[in-house]
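**Q** Just need the structure, nothing else, for what follows:
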Amino acid sequence: MASKAVAVVPQQEQQQQQPHKEGGKQKKVAAEGKNRQVLRDIGNLHGQAPAAAPDKTKKPITQPVNGKSKFDNATKVVAVVENDKISGVNRHGVASRKSVRAFTSTLSARSKAAASGLTSKLQDLKLDIDTADADNELAVVEYLDDIYQFYKLSQDENRVHEYMDLQPEINAKMRSILVDWLIEVHHKFELTPETLYLTVNIVDRFLSVKLVPRRELQLVGISSMLLASKYEEIWAPEVNDFVCISDNAYGKEKVLVMEKAILGKLGWCLTVPTPYVFLVRYIKASGPSDNDMENMVFFLAELSLMDYTSMILYCPSMIAASAVYAARCTLDESPLWTETLKHYTGYSEDELKDCAKVLVTLHSAAAESKLKAVHKKFCSPKRGAVALLSTASGLSAEPL
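**A** Okay, here's the model as predicted:
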């Protein structure tokens, strides 16, 4: 009993465990039990009613270590009895070797980590953007990486290259006028974004393999949107809707004949990676949901649909990534490009700057352009009026 911490038991249990003794000896034990308290917190000795006079034959639970008590006024150690052990002080009253790590050593370790660059590396780690959709079966997160790898591989197979030199009656300006009108029709019919991007893709692919007279260019446009609507929409517009919207310039039979001609030339291949499929993924990788960011990205991406001469040089995934980068520059996001975006897009910031500069140039010229469908669409409060924002300061706009 020299240096052991004595566990105190209630008085009734103590009386049951002690053999019955006669006289004053038994009364003396009971009197001592009344003044004892269950050992919970050594710190509770302050401010409590004075206990019975200590037994001088017993040594205190805390022995001085190096001439200094563990419970001096400067530092108090709270010891809690758990599983017959006292944390901080062992049962023999000696400071435990298994003590908490010293604060000084913790600071030193952090300083070394910062010096070696570990802190900055942790901030640059890519985020898993699909964690929130792990329980959503429709998100098919287990297949997404493979799907987008396939999109990137197949985008070159269906990519449209320079074709205007092969068209004797059509030029890039006529194409821009057609796309501007198709954007208005798409907006009037309230079709999905997928339909618009697929429509323009069908138009370009058909014009790249078939000579089209000038008088039939609009017919190619409405027939392409009819096909895209059938492919993407739940309730596609009818043929007569397109005849009406074109002011009866073409009859129903002509639209159906052109529809069949387009499908024949394209080999009935409508499942192609347009910029839109990459835009959805890259916007998600850009960060938490932000309406201004999303609207700005789509504004720049739709401007790219209008410009054949510049954007024909870039593949769909690069156009989408550049739209995200240019939008982040426009909205002064920091950093402009993250490790997460680099991982999911596969492009570095330097690889995107040329394409992004073209998009910024289109943005700066949109207000003065005669073709105002996209600018008007994104000037509305519903779209956050992002078309009215100043162009990106980090990317110098150059004349086209």
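
**Q** Please enumerate residues in contact with stretch 190-197?
**A** For stretch 190-197, contacts defined as Cβ atoms under 8 Å, 6 or more residues apart in numbering pick out 182-183, 186, 225, 228-229, 231-233, 237, 274-276, 298, 302, 305. C-betas here are computed from N, CA, C, even on glycine.

**Q** Now the two most distant members of the residues you listed.
**A** Pro237 and Pro275 (22.9 Å; Cβ to Cβ).

**Q** Please say which of the two ends up with more neighbours.
**A** Using other Cβ atoms under 10 Å, the more surrounded residue of Pro237 and Pro275 is Pro275, with 27 against 21.

**Q** what separates Gly251 from Met258, distance-wise?
**A** To Met258, Gly251 is 11 Å away according to Cβ to Cβ, to the nearest Å.

**Q** more neighbours, the two?
**A** Legend: neighbour count by other Cβ under 10 Å for Gly251 and Met258, higher for Met258 (22 against 11).

**Q** Could you confirm that one falls within a strand?
**A** No: counting by DSSP: H, G, I helix; E, B strand; the rest coil, Met258 is not part of a strand but helix.

**Q** For this structure, give me the ranges with low pLDDT.
**A** 1-125, 394, 396-400 (pLDDT under 70).

**Q** and the closest residue in space to Val277 that isn't next to it in sequence, how many neighbours does it have?
**A** Nearest-residue entry for Val277: Tyr151, 6.0 Å, with adjacent residues in sequence omitted and distances by Cβ to Cβ, 6 or more residues apart in numbering. Close neighbours of Tyr151, defined as other Cβ under 10 Å, add up to 17.

**Q** doesn't Ile245 make contact with Lys188?
**A** Yes: if you go by Cβ atoms under 8 Å, Lys188 and Ile245 touch, sitting 7.3 Å apart.

**Q** Compare neighbour counts for the two and give me the winner.
**A** Set side by side, Lys188 and Ile245 show more neighbours around Ile245, with 17 against 11, by other Cβ under 10 Å.

**Q** moving C-terminal of the helix or strand containing His186, what's the next helix or strand?
**A** Element membership for His186 (DSSP states H and E) is helix 172-188. Scanning forward in sequence from helix 172-188 by DSSP H and E, the next helix or strand is helix 193-207.

**Q** what's the angle from the helix or strand just after that next one to helix 172-188?
**A** Downstream of helix 193-207, the next assigned helix or strand under DSSP H and E is helix 217-232. Per axes from the mean of the first three to the mean of the last three Cα atoms, to 10 degrees, the angle that helix 217-232 makes with helix 172-188 is 40 degrees.

**Q** Could you list the buried residues of helix 217-232?
**A** Buried residues in helix 217-232, counting neighbours by 16 or more other Cβ atoms under 10 Å, are found at 217-229, 232.
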